[in-house]
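Chemist: structure for the following, please:
(chains A, B and C)
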Amino acid sequence: MKHETKTHGAARAVAPKPALRRFHQARWDEPIIFELSVAGQRGVLPPEPEAAIVETAGDVFDNLPASLKRKTAPELPEMSQLHVLRHYLRLSQENLGVDLNVDVGQGTCTMKYSPKVNDQLARSHKLSELHPLQPLESAQGILEVMYKLEGMLKEISGMERVTLQPGAGSAAIYANISMIRAYHEARGEGAQRNEVITTAFSHPSNGAAAKVAGYKIITLPPDADGYPDFDALKAAVSKRTAALLITNPEDTGIFNPRIEEFVRLVHSVGGLCSYDQANANGILGITRARDAGFDVCHFNLHKTFSTPHACGGPAAGACGVTKEIAPFLPTPTVEFDGAKYYLDYNRPQSIGKIRPWYGVAPNLLKAYAWIMSLGADGLREAAEIAVLNNNYLLHQVLKIRGVSAPYAQGKRRIEQVRYSWEQLASDTGVHSEEIGWRAADFGTHYWLSHHPFVVPEPMTLEPTESYSREDLDEYARILNHIAEEAYSNPEIVHTAPHNSAIHRIDQESFDDPEAWAVTWRAYKRKYKK
Amino acid sequence: MHRIGLIVNPLAGIGGRVGLKGSDGIETQRRALELGATPRSPHRATLSLLAIAEPDSPLEVFTAPREMGETSASEAGFVPRIVGEIHSGATTSADTQRIAREMTSLGVDMLLFAGGDGTARDVCASVPEGFPCLGIPAGVKIHSAVYAVNPRHAGELTQLFLAGKARLRESEVLDLDEDAYREGRVSARLYGTLHVPYRPLMLQNQKTASPASESRQMEAIAANVIEHMQADVAYILAPGTTTRAIAQALNLEKTLVGVDVICNGKLILQDATHAQLLDLVSRIPARIIVTPIGGQGFLFGRGNQQIGPEVIHKVGRENIIVVSASSKLNALRLQPLLVDTGDETIDELLAGYFPVITGYNEQMMCKVSV
Amino acid sequence: MSKKQIVYPYIPNSVPAVKDAMLKAVNAKSVEDFYADIPESIRFKGKLNLPEPFLSEAALTRHVEGLLSKNQSTRDVLSFLGAGCAQHYVPAVCDEVNSRSEFLTAYAGEPYEDHGRFQTLFEYESMMGELLNMDVVNVPVYDGFQATATALRMAGRITGRNIALLPATVMPDKLSKIRDYLKPDMQVELIPFDEGTGLMDMSALKNQINAQTAAVFIENPSYLGFLETQAEEIGKIAHANRAIFVVSVDPISLGVINPPVEYGGDIVCGDIQSLGIHMNYGGGHAGFIASRDEEKFVMEFPSRLFGVATTSVEGEYGFGDVAYERTSFAVREEGKEWVGTAAALWGITAGVYLALMGPQGMEELGRGIMQRLRYAVRKLNQVAGVKTRFSVTPHFKEFVVDFNGTGKTVEQINQALHERGIFGGKDLSAEFPSLGQCALYCVTEVHTQADIDTLVNAIAEVTK
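Modeler: Numbers count the residues shown, from 1 in each chain, chains lettered A, B, ... in the order given. Here you go, the predicted model:
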């Protein structure tokens, strides 16, 4: 060490760099965009029509009734281009994408790396500027991608056909239940079969989508080991059963080993079985929906198949179905006649459209590219490492004071774990949600659980294959640090976050019709007069 | 200027520290003190008051004398106005009841009380319907839904309520039969309701059912039940807010803690006894509509003993309709519901699964254990 | 020789030594230990039959670009296709913002980690609110089809009634989605349209509306491009019957066209693809639903509604979910329909677009589209045998071209146009047989006078 450190060392008053990352989110204090408006500024100029067009067209509003002509211009912000860009870039710095953090904290969401190359490929005008109605011979490339992606998902699920039309996972759940409804109707059992069975640890959209489809919902509680209660299923099934909608492994990360019995029991009364494969990331190439007897299943391409989550979409869902259900698939299907790819609309038993056109094409391309970059061995490696990562993290987390992994004690988990901070909360008064706010101070996400909170003080972690051992160690260190704080200095946790772009939000207005404001105009009306 | 009342039950929770189950009864309390127990409720009340920090809006605190509130308020830095009189070291539940009544007549905005289920019962028996109250948890066993999660939250909730930022929810006051409890039997009963401030939790992920959504849920349950009601069948409504909602949907006024009977849209029995019910079910076809009692989730045998085993036997298992807000089942962590009718054969008959109606066309398949 | 061990770039722990060390750390012999709960009977044996992978990024790029090169994009040719998915100019800043990792790869974080997502989506809702003159706009749903289907279900829940009246000019695909989605609880009835003007048959509406009518629905502009000029009157009839007036709009028209709330619209819905989002072969859609700020409307939205609030720091804004307990996230099947991942990033993008355009841009753009459309209509009507339909009615962006007088089918014409580097309009002959050989054409700000002239000349040539 050089002596200058000594001579100038006296100025070094700050504490040394701590073991944990000294994260601090950007804090731009960025105003609401309307407050940046300067009258007259322009962000882009639309192309002007040529003089001949203007002249030939004449007064285009001459036959428009007064009720249809806009009287006053919309009060949109007026900003120069740089100012628009800068506003959004500043806000982007107050947002934590997967690319920036050890994103194992958003359990059930399968936060994996979305390869940049796939995004880049999808931005090509050869995809982005395709119109869905252009001649089929001019869209053979994207149709081939869709056809081959279906083929790969058929193999991964063991199913007969796959539709790529749904806009995301919940839309896929709905598409499946809609096909199930059509199947029973076609057999003359539509009115009779009016009940759908799901489980307490399945994604809320299973019950919710089936309710929209007109079904009565029966929920099975978990048994003492955390598995869906098989005896409860026995009590629930009947000639009224249309379907069982179930996830496996459930959000606890526990695989239901009796799943074949569940499926057989439902089949024995004439019901169908729908497999919500939102949690498929740990079982790719390990076990398949069809092998357990399921009639339909769905994947979330934005989870398991790496397409970016995009702040909550655009996403893509894919439904796999057996031969018996295939006639009911949404229109159109993508077919190949040996020479060219085409769209088949001639499907008399189809449920019709789930969304416009054929699916979220850029996401389909990204999922295709992801599978093509890994192949069968790579997919299995992804699954196995996701599971290894999860069990490694489980091992590290259980060393932390005040946390437990309820149910199936001593057993391994698949790709995620629902933990409980019940002990810590009872010891220190610090709640799981507060731990989450404190976790934000270290540049990470954290998630509790879907409703209902059957596991008290829940925390759900899902470390996908994208994270290194060092990443997992870092996340465990953060949790450990917060738990230690809860025991020694709970106030710092109670008052978190400290390093975020903003401070504790006043929640009261959000449930009060007099006070809530979903738009800036509503806010101005209610608060600024 | 806001005014709050504070009543501390200095003996709440005293039994727990020395291994006694609960603190009810002078004998238990005396033994607890002999065993060296020190009261913890005064300190917890202080913690709550410390959490009400609103310097720009002065707060006037009305308390019971000495260990029943004055001490706690002084420790938190308040100069309280004293209400009522007590005998230090020999306070009773009658003190709580008397002082609670006095405070509400003095115009306090809200009444805070530190204690357990027994204290909540005393307050419940004394304040007018709908009066804002909130419990500071200090008892050994707390089954009532009128307590904050911890003393600090009680203070924060109080502050939010005084600032007009928290609405009230009707919450159940439950208590155990402590004699039975010390003998190892668990028995919860519904004693009434109090109106306590409700805070939408800080984060959507942890939001529990709000008063509005809970009442929507009860309306949905009621609609589901009423849709399937048949003419000339007697519907025996067990105690509870969920069963009361069914009567309300029919524009009928049901007793909260009693058993009422509806037939053809009319109340034909109010606060019925076991004998009356037995007579009824032997004359006309009947169904029982029952909801689990919070805390341990007893379906039969706690707080609804009027519906005795003979009645259940006559009505038959298939004519029992179980209803519950899903939040209540979730609070029980979806664990089995319990029965203890006093007749083992009937208990065995009830064991197994019941589809519990949790909403319109929504059921949870719940297990019933003996 | 044993297989070469692959270390996957997307899977850091696929390094064999790391894997071994981690297994050891958790006392596992192999990853098989973790799968102990999965019974042998359902274990997949062997290796999935998938194509050989392209392990290097270079090889993958070459492969995928090879596939994409088989496509001909609307940049390669001249396209007049619309039907609810239109070619508009996408400003570079829109793509710049939605390509940012921070937005593109985020998901469901809380308002503290993901403040940017909450603020940008609140701003999107707010700018849409200005365009629509409405105080409540949702975080986007999947697409305009879904937005319409949900808006109609909302009307059903609000009124407690079960019939939705729709104009017979609704796109059949959209109608299919609506019928499927409403099926268990609501019926859809169509109101015929006037063959000359395209407008709703008012006497049929008065005839069909009754005490079971939950909603009267119109589109402005309609699927066939004309504006429903009787909108105000239709709204009055709906309200006189205590039905909800649901209006679908193309938001890009609203710089010049009156927002529906001004002529009685109660719930307004539509698709935002036109606002700065590439067509993406039909994968660029997102739907919006808007209403007045009344509890009875707000409580029926299934979607997330991000609201603004104060924080513990004076002057700071924070955001959160308004009336969260409506949603299936909070109360599962007890919620209103469902909420899940949908199309948030397209909402952010549309917000960027509206900020760039500003009031003046939206006005100029809307006027320019109407001018181009009228120019195209006038030019096409000069072609022998070709005329445009419903021409007495004002139009926005799309219009129907009638080829019945040419003796040729739309299919033949489109084939010939494609050979000349033009994507002709959508063939309507199957969807609307009563129209015979008609096609739906779309012109936007991307079309120049030369483009339109090229089209008109080509049509003249191929219909000769």
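Chemist: name the SS class of whatever residue of the stretch 1-150 of chain C ends up closest to chain B, please.
Modeler: Going by Cβ to the nearest Cβ, chain B is nearest to residue C:110 of the stretch 1-150 of chain C, at 6.5 Å. Placement of C-beta: from N, CA and C, glycine included. Of the three states, residue C:110 takes coil under DSSP: H, G, I helix; E, B strand; the rest coil.
Chemist: report pLDDT for it.
Modeler: According to the prediction, residue C:110 has pLDDT 90.
Chemist: just give the number of residues close to it.
Modeler: By other Cβ atoms under 10 Å in any protein chain shown, 26 other residues sit near residue C:110.
Chemist: correct me if wrong: it contacts residue A:436.
Modeler: Yes - taking Cβ atoms under 8 Å as the definition, residue C:110 is a contact partner of residue A:436 at 6.6 Å.
Chemist: quick check: residue C:93 touching residue A:85?
Modeler: Yes - counting by Cβ under 8 Å, residue C:93 does reach residue A:85; the two are 5.1 Å apart.
Chemist: quick one, phi psi at the residue of the stretch 1-150 of chain C closest to chain B?
Modeler: phi -80, psi 170 (degrees, to the nearest 10).
Chemist: distance of it from residue B:134?
Modeler: Residue C:110 sits 28 Å away from residue B:134, going by Cβ to Cβ, to the nearest Å.
Chemist: OK, contacts around residue B:344?
Modeler: Contacts for residue B:344 (Cβ atoms under 8 Å, 6 or more residues apart in numbering or on different chains) come out as residue B:370.
Chemist: er, residue B:370 actually
Modeler: Residue B:370 touches B:338-340, B:344, B:347-348, B:350-351, counting by Cβ under 8 Å, 6+ apart.
Chemist: count residues in the vicinity of residue A:86, would you?
Modeler: 15.
Chemist: that one - that's part of a helix, no?
Modeler: Yes - according to three-state DSSP, residue A:86 belongs to a helix.
Chemist: what pLDDT does it get?
Modeler: Taking residue A:86 on its own, its pLDDT is 98.
Chemist: ok, so what distance separates it from residue A:25?
Modeler: In terms of Cβ to Cβ, residue A:86 sits 18 Å off from residue A:25.
Chemist: for the closest residue to residue B:139 other than its chain neighbours, phi and psi?
Modeler: Leaving aside its chain neighbours, residue B:139 sits nearest to residue B:116 (1.6 Å; criterion: Cβ to Cβ, 6 or more residues apart in numbering or on different chains). Residue B:116 adopts backbone torsions of phi -130, psi -160, taken as degrees, to the nearest 10.
Chemist: tell me which helix or strand comes right after the biggest strand by length in chain A.
Modeler: When chain A is parsed with DSSP state E, its longest strand is strand A:241-247. Moving toward the C-terminus from strand A:241-247, the next helix or strand (DSSP states H and E) is helix A:259-268.
Chemist: right, is that following helix up against chain B?
Modeler: No - judged by Cβ under 8 Å from any Cβ of the partner chain, helix A:259-268 and chain B are separated, with a smallest distance of 13.2 Å.
Chemist: hmm, that helix touching chain C?
Modeler: Yes - against chain C, helix A:259-268 shows contacts by Cβ under 8 Å from any Cβ at A:259-260.
Chemist: helix or strand next in line after that helix, which one?
Modeler: Next along the chain from helix A:259-268, counting by DSSP H and E, comes strand A:272-276.
Chemist: how far off strand A:241-247 does that following strand point, in degrees?
Modeler: Put simply, strand A:272-276 runs at 20 degrees to strand A:241-247, going by axes from the mean of the first three to the mean of the last three Cα atoms, to 10 degrees.
Chemist: flag every residue of the stretch 1-150 of chain B that's near chain A.
Modeler: Going by Cβ under 8 Å from any Cβ, the residues of the stretch 1-150 of chain B near chain A are B:149-150.
Chemist: all strands for the stretch 1-150 of chain B, in order.
Modeler: Remark: strands assigned in the stretch 1-150 of chain B by DSSP state E, counting those that start in this stretch are B:2-8, B:59-63, B:81-82, B:110-115, B:133-137.
Chemist: so can I have CSV of the ones you listed showing mean pLDDT and mean neighbour count?
Modeler: Shown next, in CSV, are those (pLDDT from 0 to 100; neighbours: other Cβ atoms under 10 Å in any protein chain shown):
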stretch, mean pLDDT, mean neighbour count
strand B:2-8, 94, 26
strand B:59-63, 92, 21
strand B:81-82, 94, 16
strand B:110-115, 94, 29
strand B:133-137, 90, 27
